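# my questions are about this predicted structure, shown below with the sequence.
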Amino acid sequence: MKQVILFGLMITFFLLVQSPVKAHDTASISGIEFTSVTPVPPIKTAKKAKIPPPPNNAVEANKKQKTPQALWAIFLAGLAGGLAALLMPCISPMLPLTVSYFTKSGDKKRNAVAKAAIYGISIIAI
């Protein structure tokens, strides 16, 4: 029975590939009507506004406007984002697969931990 179904699928495939309907690769412009373009007169612009000159030391002015953020706050925000990513449906199924890959690949626990550490460090480095 499987052979009959396979044979029928092969015949159907060959009939579809050999189809006489082909895509046209040329375009016709017979039904398109072109119109002339009239030039537009230039628009009168208003006078330019005066922009105050920048401060002498632009770096100091920029520092005064921004509040400094500590390095540990940026680290904690990144850590929180990473933990939130663990809840995503594309990440959470990969955790048990990755853990089982390393635990079953090594003969000893030490080898598995070493491979997992190399894997994690390479992800951080990339």
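Arrived safely, thanks for sending. Model, not experiment: these values are computed from the prediction.

# got the phi and psi for the residue nearest to the spatial centre of the chain?
Per C-alpha atoms, centre = their mean, the C-alpha nearest to the average position across the chain is that of Cys90, at 14.3 Å. Backbone geometry at Cys90, expressed as degrees, to the nearest 10, gives phi -90, psi -20.

# all further residue positions should be reported with the first residue as 42.
Got it, first residue is 42 now, which makes that one Cys131.

# quick one: contacts for it?
For Cys131, the contact set (C-beta atoms under 8 Å, 6 or more residues apart in numbering) is empty. Quick note: C-beta positions are derived from backbone N, CA and C, even for glycine.

# pLDDT score for it?
Per-residue confidence for Cys131 comes out at a pLDDT of 86.

# cool, Ala121 as well?
With respect to pLDDT, Ala121 scores 93.

# any idea how far it is from Ile164?
Noted for Ala121: a distance of 18 Å to Ile164, by C-beta to C-beta, to the nearest Å.

# next: Pro80.
Applying C-beta to C-beta, the value for Pro80 to Ile164 is 60 Å.

# mind checking which of those two has more residues around it?
Neighbour comparison, Pro80 and Ile164: the larger count goes to Ile164, with 8 against 5 (by other C-beta atoms under 10 Å).

# SS state for that one?
Secondary structure for Ile164, judged by DSSP: H, G, I helix; E, B strand; the rest coil, is helix.

# how much space separates it from Ala158?
Distance from Ile164 to Ala158, by C-beta to C-beta: 11 Å.

# common neighbours of the two, please.
Overlap of the contact sets of Ile164 and Ala158 (by C-beta under 8 Å, 6+ apart) is empty.

# now do the same for Val140: its pLDDT.
80.

# same question for Ala125.
Per-residue pLDDT puts Ala125 at 90.

# list of residues touching the helix or strand encompassing it?
Element membership for Ala125, per DSSP states H and E: helix 112-126. Here helix 112-126 makes contact (C-beta under 8 Å, 6+ apart) with Ile132.

# got the buried residues for it?
For helix 112-126, the neighbour count (16 or more other C-beta atoms under 10 Å) marks no residue as buried.

# right, and the helix or strand after it?
Per DSSP H and E, the first helix or strand lying C-terminal to helix 112-126 is helix 135-146.
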